[in-house]
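K.L.:
Sequence first, then the predicted structure, then my questions.
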Amino acid sequence: MTITPAQLDVLFASLKQRRFAVIGDFCIDVYLFLDANGSEVSVETGLLTNAVSSMRLSAGGAGNVAANLTAMGASEVLAFGIRGNDLFGREYERMLTEIGVKTGGFLVQDSGWATCTYTKLYDGASEQPRVDFGNFNTQSDASCSALLAAIEAELPRIDLFLVNQQLVRGIHTPAFRAGLTDIVRAHPEKRFILDARDYVDDYRGMIRKLNDGEAARAAGFPTEDGSYRRIDTLTRIGRVLYDRWAQPLIITRGDRGSVLFDGTDVLEVPGLHLTRRIDTVGAGDSIFAGLAAAFAAGFSHRQSLEFATAVAGVTIQKLFQTGTATEAEIRAMAAGAEYRINPELAESPEQASCLNESECEVVGTAAHTDIRYAIFDHDGTISTLREGWETIMEPFMVESVLGESAATVDSELRAQVTEDVHEYIHKTTGVQTLVQMEGLVELVRAFKLVPKSRIRDAAGYKRGYLDRLNKLISTRTAKLSRGELQPSDFTIKGAVGFLQRLRERGIRLYLASGTDEEDARREAHLLGYGELFDGGIYGARGDIHNDPKKAVLEMILAEIGQQNAPGIVTFGDGPVEIRETWKRGGTGIGVASDEIRRFGLNPAKRKRLVLAGAAAIVPDFSQPDALDAFLFERR
């Protein structure tokens, strides 16, 4: 992220001086959490009831936009919309007032209008069909006129207007759209930004935020085959829409990031790589609010989009709520942001471009030709002693989530748990085991199959997992000690020779492992290459906040200076070390190894490594000349 802490200081200081108006469809999300233990058979109907153990209300639609602005510290946020004279409407207004939103423009329509309410039922982690209110609203002429008059009366005081359209039968009737367009036209000095699902073409003079599907439909592009998500197609879509509207527009792409078109540049901001469970409800509202906050502070388009991405990165990790992001949370996200690079190439191995007919796939460029330091991940990059850890971790996690219900749980729930565990392991491959176990704790809590008193902490689950893994490792190391197997049976093809080749070039070598440091040292020496790492061998030390691979990079940067960081090359089969190197300006070489054969390409690893920002991908070290050409020859 290019935004510095000092620039964030400026932005948040500016927010405390800015007034925003949020005009739109105010919806309320009602979360009902079911618990079959409280169900009973209804005397009247003879049917089993849905027993609600807890309920949570969350502002949605335009309300979520307003809530995000207040959470970020905006001086004043005014709400302009319509609610019904009903239970949910009164509660909604109370909620907005409680968080500091001004509701003088939040009008009440007594008849023909039900407050838009999305009632979401959750059975464990599974969402049931929603119950919706407000799908048959009819705006009265009096409500339309009063709403437009309220907006116009506050014009002089407002720094930026956010226009939200979420409902077909909401406030955005033809009469309201015409009236608001007249206001925008009459006040060109005022800034308006628009997030509209259905009426994006009906407003003029506004900066627009759309998702990729909305943009494709607006430009008349097909959306059936998914091609609109590709950056080349999206660029054509963006140019069509910019030519039509003559205003900057932002197109969001989910985990692929966002693209901004301003008439001169096409600015692409990558999506965030997040390992925790996410809930994308309200993500668009968070981006919308973040854009407005940054625009009001005078940030560039790119910086505004990066800031908005960080805001959404905070909120989507808040489950069962639309979610808001505070200043502290946004700062933390911005400081530690991890991105998904080259998503199209990652998903399209047929587009691979290899160097000199080798198996060395060139994704980017070597950051520098004066490579002086090389960092190697251990497991899967050099060693295969721990190959198969996933086959141990997955059943362990599934059993931990199911608890004592493992023998009796229905097949559908077991399949859901297994799917969630499999996806989580896929996303977190390469991080510390303790971090993965933190995620396991969250999964156990989310499914609610284990009593709270019996849920272990991350360290406890880690011990249980390692007990199983160490049995596998012990069997293999015993065979090595007895001479039944050789070190070459547990190393990626060509790895040791390539380490020696780098040492002969005078390059200093470091080993960074997610395994506990003592184990990493012992295994490296057992396999015969520990002494080659003159820079040191580093591993996990039981501190969840101190990732060993990040620590190695920080140590090297401190030793040689940030200005020489491009002189670092990192080899790894996991995204963590590649991503950290990319962020610091070094060169990451992804080793997409097949750990069973110990040579050849693993397509799943390739995808993760491209997304992490690898400059090149190799299946193993059997073609060192190609690697030399990429790293050390000027092109």
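P.N.:
Nice, I can see it. Numbering: from 1, shown residues only.
K.L.:
Make sure residue 153 is indeed in a strand.
P.N.:
No. Assigned with DSSP: H, G, I helix; E, B strand; the rest coil, residue 153 falls outside any strand and is helix.
K.L.:
how many neighbours does it have?
P.N.:
11 (other Cβ atoms under 10 Å). Heads up, the C-betas are built off the backbone N, CA and C, glycines and all.
K.L.:
Now do it against residue 21, distance only.
P.N.:
With distances taken as Cβ to Cβ, to the nearest Å, residue 153 is found 11 Å from residue 21.
K.L.:
Relative to residue 5, how far out is residue 145?
P.N.:
From residue 145 to residue 5 the distance is 47 Å (Cβ to Cβ).
K.L.:
brain fart, residue 626
P.N.:
40 Å.
K.L.:
Which of the helices or strands spans residue 193?
P.N.:
strand 191-196 (DSSP states H and E).
K.L.:
now do residue 132
P.N.:
Counting by DSSP H and E, residue 132 is found in strand 131-133.
K.L.:
just residue 440 next, same as before
P.N.:
helix 433-447.
K.L.:
Starting from that helix, tell me the next helix or strand along the chain.
P.N.:
helix 458-481.
K.L.:
Which positions within that next one qualify as buried?
P.N.:
458, 461, 462, 465, 466, 469, 472, 473, 476, 477, 480 (16 or more other Cβ atoms under 10 Å).
K.L.:
how about those in CSV, adding pLDDT and distance to residue 26?
P.N.:
Conversion of those to CSV gives the following (pLDDT from 0 to 100; distance: Cβ to Cβ, whole Å):
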residue, pLDDT, distance to residue 26
458, 91, 40
461, 95, 42
462, 90, 45
465, 94, 46
466, 89, 50
469, 91, 51
472, 90, 56
473, 90, 57
476, 92, 61
477, 90, 63
480, 91, 66
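K.L.:
Pick out the most distant pair among those.
P.N.:
458 and 480 (30.8 Å; Cβ to Cβ).
K.L.:
quick check: domain ranges of this structure?
P.N.:
5-38+50-340, 343-384+491-632, 389-481 (automatic domain parsing).
K.L.:
Now find how far off-centre the last one is within its chain.
P.N.:
Here the centre of mass of C-alpha atoms in domain 389-481, compared against the chain's by Cα atoms, centre = their mean, to the nearest Å, lies 23 Å away.
K.L.:
Likewise for the second one?
P.N.:
From the chain centre to the centre of domain 343-384+491-632 is a distance of 24 Å (Cα atoms, centre = their mean).
K.L.:
Please shift the residue numbers so they start at 56 in all later answers.
P.N.:
From this message on, residue numbering opens at 56, which makes the last subject domain 398-439+546-687.
K.L.:
got the residue ranges for the helices in the stretch 506-655 of the chain?
P.N.:
513-536, 550-559, 572-581, 603-615, 630-639 (DSSP state H, counting those that start in this stretch).
K.L.:
Throw those helices into a markdown table and include distance to residue 362, thanks.
P.N.:
Formatted as a markdown table, those follow (distance: least, Cβ to Cβ, whole Å):
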| stretch | distance to residue 362 |
| --- | --- |
| helix 513-536 | 31 |
| helix 550-559 | 40 |
| helix 572-581 | 37 |
| helix 603-615 | 23 |
| helix 630-639 | 17 |
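K.L.:
Packing partners of the host helix or strand of residue 175?
P.N.:
Of the helices and strands defined by DSSP H and E, residue 175 is found in strand 171-178. Helices and strands touching strand 171-178, by 3 or more Cβ pairs under 8 Å, 6 or more residues apart in numbering; DSSP states H and E, are strand 81-89, strand 107-116, strand 186-188.
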